[in-house]
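[1] quick check, what structure comes out for this input:
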Amino acid sequence: ALLVAVERVEKVLQNSPFLMKVWNLMKSWGHGNKAFRIIATLPLFALATQLAFRRRKYKLNYNTTEHVFIQAYIACQILLLSIIVLPFNGYAKVDDLYELPLWLIFVLFCWDYKQLYRCTWWRSFWRTILMLTYSLVLLVIFACLVMALMLAGIYVLKFILKQKKSLHGLFLLDETVFLQ
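    Here you go, the predicted model:
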């Protein structure tokens with residue numbers, strides 16, 4: 001469904017050269033800007049972590065701002081490990097968010113959550129899976145909202161342009177009547 005929405009947006013954008021240029025610029029900028037992508041994931045992971053660890057049995061309950069800082073701390077750890085691993089890889093993975101394999105990032109999340117929430121490895125493992133599931137659900141919801149807003153904006157722009165053309169046609173009609 002999401003891919004169909006993206007295709008519909010691109011199809012509508014192809015009719016307007018200006019909007020297509022803006023869309024391509026935003027896609028290339030977002031693709032080539034790792035820092036933006038990392039910072040954009042922080043609130044998503046913060047909310048997902050807050051949902052996954054919301055029960056009272058964890059001795060520490062953090063607020064949303066603290067969860068954002070926790071995610072920033074984990075992202076910095078991953079970036080530092082990525083810098084250490086980079087010379088051994090021999091190449092940089094441009095399309096990947098981090099240079100580390102996903103299993104190592106997962107282990108790092110488990111380790112950090114074990115320390116922060118003072119829980120067992122087993123509980124940390126399952127809560128990390130729950131956090132990643134919540135992240136995926138939140139990402140899909142956010143993507144659907146963005147696509148709906150984009151489609152609504154495009155249809156509003158098309159409606160405004162159509163109204164403008166019809167008004168322009170009325171003014172031309174009035175001028176021809178006036179000139180006769």
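
[2] C-alpha only now, for contacts and for neighbours.
    Noted.

[3] so Phe142 is in which element?
    Assigning secondary structure by DSSP states H and E places Phe142 in helix 121-179.

[4] tell me which strands and helices that helix is in contact with?
    If you count contacts as 3 or more CA pairs under 8 Å, 6 or more residues apart in numbering; DSSP states H and E, helix 121-179 packs onto helix 2-13, helix 34-52, helix 102-117.

[5] dump those helices to CSV, plus mean pLDDT.
    Formatted as CSV, these follow (pLDDT from 0 to 100):
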stretch, mean pLDDT
helix 2-13, 66
helix 34-52, 86
helix 102-117, 90
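
[6] include distance to Ser124 and mean neighbour count when you put those helices into CSV, please.
    What follows is these, written out as CSV (distance: least, CA to CA, whole Å; neighbours: other CA atoms under 10 Å):
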stretch, distance to Ser124, mean neighbour count
helix 2-13, 31, 14
helix 34-52, 10, 18
helix 102-117, 5, 16
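
[7] reformat those helices as TSV; add distance to Tyr134.
    Formatted as TSV, these follow (distance: least, CA to CA, whole Å):
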stretch	distance to Tyr134
helix 2-13	18
helix 34-52	5
helix 102-117	14
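
[8] of these, which is nearest Tyr62?
    Tyr62 lies closest to helix 34-52 among these, at 7.7 Å (CA to CA).

[9] show the average pLDDT along the following helix or strand past that closest one.
    Next along the chain after helix 34-52, taking DSSP H and E as the criterion, comes helix 64-89. Mean pLDDT, computed over helix 64-89, is 86.

[10] now do helix 64-89 and helix 34-52, the angle between them.
    Helix 64-89 runs at 130 degrees relative to helix 34-52, counting by axes from the mean of the first three to the mean of the last three CA atoms, to 10 degrees.

[11] for helix 64-89, which helices and strands make contact with it?
    Going by 3+ CA pairs under 8 Å, 6+ apart, helix 64-89 lies up against helix 34-52, helix 102-117.

[12] would you mark the buried spots in it?
    For helix 64-89, a neighbour-count test (16 or more other CA atoms under 10 Å) marks 67-68, 70-72, 74-75, 77-79, 81-82, 86 as buried.

[13] how far away from the center of its chain is it?
    Its chain's average C-alpha position is 18 Å from that of helix 64-89, according to CA atoms, centre = their mean, to the nearest Å.
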